[in-house]
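S.K.: 3D, please:
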Amino acid sequence: MKKNRKALLVYPKFPENSFWNFQDINKLFLLPSEFGEPKANMPPLGLLSIAPLLEKEYGRENITIVDLNNRLLDTSYIQEADDVYLSAMLTQRESFQEVATLAKQLGKTVIAGGPYVSEKMENVDHAFINEADLTLPIFLKDYFKGKAKKVYKSDRKPNVDEFLRPDYSYINVHNYTTMAVQFSRGCPHDCDFCDITQRFGRKMRTKNIDFVMEELNQLYDLGWRHQVMFIDDNFIGKPSEALELLKVLVDWQKEHGHPFEYFTQASVLLAEKSYEELLKLFAPANFSMVFLGIETPNEDSLRETNKAFNLKKGMTLVEKVRRIQEVGQIMILGGFIVGFDSDTDKIFEQQADFIKEIKLPVPMIGLLSPLPKTRLRDRLEKEKRLHDFGTEGDVAGSLAVTFKPSKMSEDELVQGYKDLLESVYMNMGEFYERCNDTIKYMARKKGKVPADKEGVLSVLKLFWVQGIKSSYRLKFWKYIIVNLIKYPVKLEYIFRLSAYGFHYNRLAKGLVSEEISGEFV
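M.R.: Residues are numbered from 1 along each chain as shown. Model (predicted):
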């Protein structure tokens, strides 16, 4: 096979109406990408990681990365390519299928990997199962010899020194709102609804800290000065390594004028005494947010899902959250789920009361979704309670129930979920009260807040949309004025939380009415 081939790397589009997708506020409050579309939230880290390896075979000039989350699909991209590489998560399946189908219609070779990809997929010529760090080099050798197999998967997980490393120069970083960096893979826990341990294992694998810093230095050299997410599924899964990284980050931030604001994902174990040294370094390192899988106040459900570690004695869940906020001086995004087998129709009111007590402004509430490669999925399949695989992966922001609930009907689960969303996100007075509580704990952001044209326009648009056009404008102005008086040095967080409120309020209204409106109020 000739080596003067062209490779097109495509990242499929995420659904617009999702708790996890902020395209609506990106479109409304931010300047567009260079392609005239809303900026995307984060770049395709997987594609950025395989690109340097592909470069050895194709040549850099023959590699193009297209992210459909900040530009439209143009048939000419595919027509000009020989090989189309795709990487997708479950929630990107519709866009994935659209691209793969079009590519095959145009006679292209389709090569795909990521959590969505399985061994038998229509319109995929070569599939990579699980991590491709070890198998992609083998594939490339086979492919250019004309001997490539249909499926590639490894008998072992790659070691940290075998991880493919991203090259961010393949993209324009300013087409995004947040950069993504990976420090570790895996999670020591084994929650039955989560597919992380099945995909990446319970043994944590952490990158060499020098490699992480090289990636951060490249982002800095490319002119990035905004948010960076450590996309680890559990940043503190290997506490000693996370602690060492935080120490290095603290020094690096000081040396560079605190150019980055970090956030990540962890567990409620952060509240334990053994994590205190680590937690105290979050603010000096400029971490502003952490996502925690809180899930539910129903203790039976936590035990049922093998998440009893949320119940470790000594503190209640509310006290643990409060300790993380106080010691870490950080905002908490909470993950919540309804629909466990131990949940009755009382769970919706319990969750609403719990969220009101815990005072988190951004609770990411979703219907239970039996993901592939989870013990939950296997159990429900064995019990013949699965009946729809078309919407798996839509963990939050979807009304799809893909299984038969244990102690309520599907209609009761959906209606209860809608009632919960209405309680949490359509009462903007209570939303702003939760914001007030969070802002008081957050450390002042270190470094200069970029005073650019985009920032000024964003604030003006926020004032127009929420302060003038919205039905809750008086509550908005009260929230803004009170917090600007009390915490003038935290204005970026004040505005950001208000924008989150707009996003979740709009999405909740759409879900409750089962009709997502194109209007922004």
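S.K.: what about the helices in the stretch 101-250 of the chain?
M.R.: Remark: helices assigned in the stretch 101-250 of the chain by DSSP state H, counting those that start in this stretch are 135-143, 196-200, 209-221, 239-256.
S.K.: Including mean neighbour count, mean pLDDT and distance to Pro158, could the ones you listed go into TSV?
M.R.: Backbone N, C-alpha and C define where each C-beta goes, glycine included. Below are these laid out as TSV (neighbours: other CB atoms under 10 Å; pLDDT from 0 to 100; distance: least, CB to CB, whole Å):
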stretch	mean neighbour count	mean pLDDT	distance to Pro158
helix 135-143	17	97	9
helix 196-200	19	87	10
helix 209-221	16	98	14
helix 239-256	16	98	17
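S.K.: now for the ones you listed, which one comes closest to Asn62?
M.R.: Between Asn62 and those, the shortest gap by CB to CB is with helix 135-143, which sits at 13.5 Å.
S.K.: Can you name every helix or strand that that closest one contacts?
M.R.: With contacts defined as 3 or more CB pairs under 8 Å, 6 or more residues apart in numbering; DSSP states H and E, helix 135-143 has these neighbours: helix 45-58, strand 126-128, strand 151-152.
S.K.: of those, which approaches Leu270 most closely?
M.R.: Taking the helices and strands packed on helix 135-143 one by one with CB to CB, helix 45-58 is closest: 23.9 Å.
S.K.: What lies in contact with the closest one?
M.R.: 3, 5-7, 9, 11, 63, 65, 85, 87, 113-114, 132, 136-137, 140, 144, 163-168, 170-171, 180-182, 231 (CB atoms under 8 Å, 6 or more residues apart in numbering).
S.K.: sorry, back to before: can you tell me which of the helices of the stretch 101-250 of the chain is nearest to Lys307?
M.R.: Among the helices of the stretch 101-250 of the chain, helix 196-200 comes nearest to Lys307, with 12.4 Å by CB to CB.
S.K.: what about the strands in this protein?
M.R.: 7-11, 63-67, 83-87, 109-113, 126-128, 151-152, 178-181, 184-185, 205-206, 227-230, 261-266, 287-295, 331-338, 363-367 (DSSP state E).
S.K.: ok, the fifth one: who's next to it in the sheet?
M.R.: Strand 126-128 has its sheet partners listed here by DSSP bridges as strand 109-113 (parallel), strand 151-152 (parallel).
S.K.: now do the first one
M.R.: The partner list of strand 7-11 in its sheet, established with DSSP bridges, is strand 63-67 (parallel), strand 83-87 (parallel).
S.K.: Would you mind putting the helices of the stretch 101-250 of the chain into TSV with distance to Lys108 alongside?
M.R.: Shown next, in TSV, are the helices of the stretch 101-250 of the chain (distance: least, CB to CB, whole Å):
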stretch	distance to Lys108
helix 135-143	14
helix 196-200	28
helix 209-221	31
helix 239-256	41
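S.K.: Which among those is found nearest to Arg93?
M.R.: helix 196-200 (16.6 Å).
S.K.: pull the CA atoms of that closest one into PDB?
M.R.: C-alpha atoms of helix 196-200 as PDB (Å, rounded to 0.1, in the frame of the first residue of the first chain):
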ATOM      1  CA  ILE A 196     -14.400   2.700  34.000                       C
ATOM      2  CA  THR A 197     -13.000  -0.300  35.800                       C
ATOM      3  CA  GLN A 198     -14.000  -2.600  33.000                       C
ATOM      4  CA  ARG A 199     -12.300  -0.400  30.400                       C
ATOM      5  CA  PHE A 200      -9.300   0.800  32.300                       C
END
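S.K.: For that helix, which helices and strands make contact with it?
M.R.: Partner elements for helix 196-200 (3+ CB pairs under 8 Å, 6+ apart): none found.
S.K.: Contacts for it next, please.
M.R.: Outside helix 196-200, the residues touching it (CB under 8 Å, 6+ apart) are 115, 130-131, 157, 185-187, 189-191, 233-234, 373-374.
S.K.: isn't Thr135 right up against Lys149?
M.R.: No - applying CB atoms under 8 Å, one finds Thr135 not in contact with Lys149, separated by 9.7 Å.
S.K.: Is it possible to get a markdown table of the strands paired with strand 126-128 that adds mean pLDDT and distance to Ile365?
M.R.: Supplementary listing: the strands paired with strand 126-128 in a markdown table, determined by pLDDT from 0 to 100; distance: least, CB to CB, whole Å:
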| stretch | mean pLDDT | distance to Ile365 |
| --- | --- | --- |
| strand 109-113 | 98 | 30 |
| strand 151-152 | 97 | 37 |
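S.K.: highest average neighbour count across these?
M.R.: Greatest average neighbour count among the strands paired with strand 126-128 goes to strand 109-113 (a mean of 23), per mean count of other CB atoms under 10 Å.
S.K.: report the angle between the axes of that strand and helix 135-143?
M.R.: 160 degrees (axes from the mean of the first three to the mean of the last three CA atoms, to 10 degrees).
S.K.: Mind listing residues that contact strand 109-113?
M.R.: 46, 82-88, 96, 100, 103-104, 121, 123-129, 132, 136, 139.
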